[in-house]
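# Pasted the sequence and its predicted model underneath.
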2 protein chains.
Amino acid sequence: MARIVQKFGGTSVADIERIKNAALRAKSEHDAGNEVVVVVSAMSGVTNQLVAYVDQMGGLFDAREYDVVVASGEQSNAGLMALALQALGIQARSWLGWQIAIETDDVHGKARITGIETAELEKRLADGEIAVVPGFQGISPANRVTTLGRGGSDLTAVALAGALKADRCDIYTDVDGIYTTDPRIVSKAQKLDKITYEEMLEMASLGSKVLQTRSVELAMNHKVRVQVRSSFEDSPGTIVVSEDEIVEQQVVSGISQSTDEAKITLLKVADQPGVAAAIFGPLADAAVNVDMIVQNISEDGNTTDLTFTVGMADLEKAVAVLEKNQAEIGVGEIVADSDVVKISVVGVGMRSHAGVAQKMFMTLAEKGINIKVISTSEIKVSVLVAEEYGELAIRALHTAYGLDAD
Amino acid sequence: MARIVQKFGGTSVADIERIKNAALRAKSEHDAGNEVVVVVSAMSGVTNQLVAYVDQMGGLFDAREYDVVVASGEQSNAGLMALALQALGIQARSWLGWQIAIETDDVHGKARITGIETAELEKRLADGEIAVVPGFQGISPANRVTTLGRGGSDLTAVALAGALKADRCDIYTDVDGIYTTDPRIVSKAQKLDKITYEEMLEMASLGSKVLQTRSVELAMNHKVRVQVRSSFEDSPGTIVVSEDEIVEQQVVSGISQSTDEAKITLLKVADQPGVAAAIFGPLADAAVNVDMIVQNISEDGNTTDLTFTVGMADLEKAVAVLEKNQAEIGVGEIVADSDVVKISVVGVGMRSHAGVAQKMFMTLAEKGINIKVISTSEIKVSVLVAEEYGELAIRALHTAYGLDAD
């Protein structure tokens, strides 16, 4: 007997037939003698509709009321899922965020879970009842409805799995697992059986849409075994686990790309102490997230060139902030370039293997692809290249690191 | 300064523009220095959609989960209304049923309000904050979401007005008040400025759709002054009040009709003690509501004829029950007739005026309309006539009782 948390995303519970289908998956785990908790998203499209309603109210909105509005989509689906399970002859009930309770802080719209009361849930699970929990919602210290932000239903599922010491947290979605790279770009991409938390974290922050960074971090902190799998196919998915559970670690596990990048180059920056702080301070104040940063000595020797990347959505704001401070900081010229893509190779194995970065640079050089910026961490190497070379780079690297399927 | 509860029905909050429009009505009471509580329904159509989802789950459903599903429509509208008020510069917050709390019994799907905690609400109202409350929902002793059944948002509004000792409870809807009769039938129908609880009760149970019987009863018991008025026009509506508030009482205040009636006649019923119980017992057991009953001696003197009415929806069931017991009870023949309409004249003034019924019978006789069944109460006289004569009867009676507009 195992204890399993199943989470169904919006496309997996998009209508009544799909909710019934998801209920069958819960029934099959239940029939096998397992204790089952089901976490549901809203029907796909519903949350966006509710958010649009809030936007139409105009002005800066009260996030406490935003939460009351958007949490309703998950609530109705939780009731429907409980009914679908009951129709299959299974004892089931819904547990709203405030009923469990899933306690959070009061950062409405992006609340953090601070505690989950599990005693009553565990008693019911032991009695063979399935607990159905609306994802994305909790309750604040002031007794108000909170929501957990983007990817919030995954967070609910992982947090419940952690609090209940579940054996597994299955995230049912519209893809069947984590791949070595995007299969739409590389037809020989392979589904990974397992991946480490650390790798999944890097891939999440590097543009993989499957799991949000916060959910992976939470899973890692509570050692929750997360399985990403498809609601529409029966094959097993990819399990995200600790490094020590993976016997034979590949040096590189996957290659990801992020097109949501823009490059800003500052030319002829006065080469003196404090200039970097003068540049990045105002950007931080404007809530612009700066990613890769490189600095070169420029030709004349007295000034330097500085290049960094920001998210596409922040480009305009970043340039405006820089232009406002341009004279004061002493920047000769500001050059923005949004036709870039960040390619990253990720793998915990590179900690113990030299030459991973070198192989990347060689492979790209052989294809005549110019590297604009490089950044590295313990388990990844990222390069920024012109957008038009992105797919070529991914295919070449996928082959070079031996990831192609036979 | 007054304390006012405003309730907006589904058509009054059917989309964002209408919610904003309703918010303006709350603002205008608030600007006048009043304390305001706003009760909102779900957007029109939303509750029906949610009920349809539940039905599609199949089987006998768990009413506790039904309530979780259908309560969500009012929840999101409460958040949106709070946001709309805030956008107008007014301090406002939503209060879900479990937050107030609106305590109910555990008859899910048709719960009865047992108590409302008002201390915190009253404090906020005194601070100038508008309280926005989703209609239709409460919380059971077991901490589950309950709903109050058909007309539930009106009940929420009236109950809140009672608990808060509000000066008025305004029910905003898509009609502008209570009329002497249906204006679609009689163009000279007049809007009533005031009507008594007792009359409103009779009219509600006689087919008027504007207020549900339960809401009127609750208002009467707590002496809540209820105003029915239009969201889409600025004219004052009709106020439902105690009899003593109406100085010059009309003998007849209104004429209503119910087409949802069917007549059953039992011919040649054995004329002996206990026969009525033998007939109506099984009908009561089958949950068939019997309304008007008349009994005559039939021609042969040894048997009797019995006629009564049931709701159209119960006709088939009622006949089946009677046929099953026909021999045992001793009924010669069962005749059903659904082409009938019940016409009622209602007015508290008839308590102190003789001749009201006589005028009704005379008027109908003059038009050649045959009366099939008569029933009376202290403040109403109802007759059953052939459906084809219904509109003619209403017009004639409206004129006869002096209700026509000039």
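Perfect, I can see it now.

# Quickly run through the sheet partners of the helix or strand bottoming out on mean pLDDT in chain A, with directions.
Using mean pLDDT, DSSP states H and E, the weakest-scoring helix or strand in chain A turns out to be strand A:290-297, at a mean of 82. Strand A:290-297 has its sheet partners listed here by DSSP bridges as strand A:303-311 (antiparallel).

# now what about the partner strand, what contacts it?
A:260-271, A:275-276, A:279, A:283, A:288-298, A:318, A:332, A:340, A:342, A:372-373, A:384 (C-beta atoms under 8 Å, 6 or more residues apart in numbering or on different chains). Using the backbone N, CA and C atoms, a C-beta is placed for each residue, glycine as well.

# Check those residues for burial and list the buried ones.
A:261-266, A:268-269, A:271, A:275, A:279, A:283, A:288, A:290-292, A:298, A:318, A:340, A:342, A:372-373, A:384 (16 or more other C-beta atoms under 10 Å in any protein chain shown).

# For the stretch 101-250 of chain A, which residues score under the pLDDT cut-off?
Along the stretch 101-250 of chain A, segments meeting pLDDT under 70 span A:207.

# sorry, back to before: in helices, which of the contacts of strand A:303-311 appear?
A:275-276, A:279, A:283, A:318 (DSSP state H).

# Spell out which parts of chain A neighbour chain B.
Contact residues (C-beta under 8 Å from any C-beta of the partner chain) of chain A with chain B: A:16, A:20, A:50, A:53-54, A:56-59, A:61-62, A:64-73, A:75-76, A:78-80, A:82-84, A:86-87, A:93-94, A:96, A:98-99, A:143-145.

# Look at A:I374 and say how many residues are nearby.
Neighbourhood size, A:I374 [other C-beta atoms under 10 Å in any protein chain shown]: 14.

# Of the ones in helices among the contacts of strand A:303-311, which is the nearest to chain B?
Distance ranking of the ones in helices among the contacts of strand A:303-311 against chain B, using C-beta to the nearest C-beta, places A:A318 first at 30.5 Å.

# what comes up buried for stretch A:199-218?
Buried-residue list, stretch A:199-218, by 16+ other C-beta under 10 Å: A:199-208, A:210-218.

# thinking again about what came up before, any chance of the ones in helices among the contacts of strand A:303-311 in JSON lines, plus distance to B:T114 and pLDDT?
Formatted as JSON lines, the ones in helices among the contacts of strand A:303-311 follow (distance: C-beta to C-beta, whole Å; pLDDT from 0 to 100):
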{"residue": "A:V275", "distance to B:T114": "70", "pLDDT": "83"}
{"residue": "A:A276", "distance to B:T114": "66", "pLDDT": "83"}
{"residue": "A:I279", "distance to B:T114": "64", "pLDDT": "90"}
{"residue": "A:L283", "distance to B:T114": "58", "pLDDT": "92"}
{"residue": "A:A318", "distance to B:T114": "58", "pLDDT": "94"}
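
# still on that earlier bit, now what about the least confident helix or strand of chain A, what contacts it?
A:261, A:271, A:276, A:280, A:283-284, A:304-311, A:342, A:373-375, A:382, A:384.

# run the last query once more with 6 Å
A:283, A:304-310, A:373, A:375 (C-beta atoms under 6 Å, 6 or more residues apart in numbering or on different chains).

# pLDDT-wise, what's the bottom of these?
Lowest pLDDT of the contacts of strand A:290-297: A:T304, 84.

# Next, work out how far apart the residue nearest the centre of chain A and chain B are.
Closest residue to the average C-alpha location of chain A: A:Q212 at 1.9 Å, with C-alpha atoms, centre = their mean. In this view, A:Q212 and chain B are 24 Å apart by C-beta to the nearest C-beta, to the nearest Å.

# And for A:A277?
Where chain B is concerned, A:A277 sits at a distance of 39 Å (C-beta to the nearest C-beta).

# Quick check: that residue vs A:L266, distance?
Per C-beta to C-beta, to the nearest Å, A:A277 is found 14 Å from A:L266.

# what's the answer for A:G390, then?
Taking C-beta to C-beta, one finds A:G390 at 25 Å from A:L266.

# In the stretch 101-250 of chain A, what residue comes closest to chain B?
Scanning the stretch 101-250 of chain A for the residue nearest chain B gives A:N143, at 6.1 Å (criterion: C-beta to the nearest C-beta).

# For that residue, give its distance to B:L96.
For A:N143 relative to B:L96 (C-beta to C-beta), the value is 10 Å.

# Those two: which is more packed in?
Comparing A:N143 with B:L96 by other C-beta under 10 Å, the one with more neighbours is B:L96, at 27 against 11.

# Now do the more buried one, the pLDDT please.
Predicted confidence (pLDDT) for B:L96: 98.

# just checking, A:G97 touches A:I139?
Yes - the pair A:G97 / A:I139 is scored as a contact, 5.4 Å apart, by C-beta atoms under 6 Å.

# neighbour-wise, which of these two wins?
Shown here are A:G97 and A:I139; by other C-beta under 10 Å, A:G97 has more neighbours (29 against 20).

# roughly how far apart are the more buried one and A:S153?
Between A:G97 and A:S153 the computed distance is 12 Å (C-beta to C-beta).

# cool, and A:D193?
A:D193 is 25 Å from A:S153, by C-beta to C-beta.

# which of these two has more neighbours?
Taking other C-beta under 10 Å, A:D193 and A:S153 do not tie; A:S153 has more neighbours (28 against 12).

# which stretch of helix or strand covers the more buried one?
helix A:152-163 (DSSP states H and E).

# which other helices and strands contact that helix?
Other helices and strands packing on helix A:152-163, by 3 or more C-beta pairs under 6 Å, 6 or more residues apart in numbering or on different chains; DSSP states H and E, are strand A:3-8, strand A:35-40, strand A:168-173, helix A:213-221.

# Other residues contacting that helix?
Helix A:152-163 is contacted from outside by A:5, A:7, A:37, A:39, A:41, A:113, A:116, A:118, A:135-136, A:148, A:169, A:214-215, A:218-219, A:222, A:224, using C-beta under 6 Å, 6+ apart.

# which residues does A:S140 contact?
Contacts for A:S140 (C-beta under 6 Å, 6+ apart) come out as A:104, A:106, A:146.

# Just these: which are in strands?
Mapping the contacts of A:S140 onto strands (DSSP state E) picks out A:104, A:146.

# Show the buried residues in the contacts of A:S140.
The buried subset of the contacts of A:S140 (16+ other C-beta under 10 Å) comprises A:104, A:146.

# and of the contacts of A:S140, the nearest to A:D127?
Of all the contacts of A:S140, A:D127 sits closest to A:T104, with 27.7 Å by C-beta to C-beta.

# For that closest one, name its beta-bridge partners.
Beta-bridge partners recorded for A:T104 (DSSP bridges): A:I113.

# Just to check, it is in contact with A:I116?
No - contact criterion C-beta under 6 Å: A:T104 and A:I116 do not qualify, at 9.9 Å.
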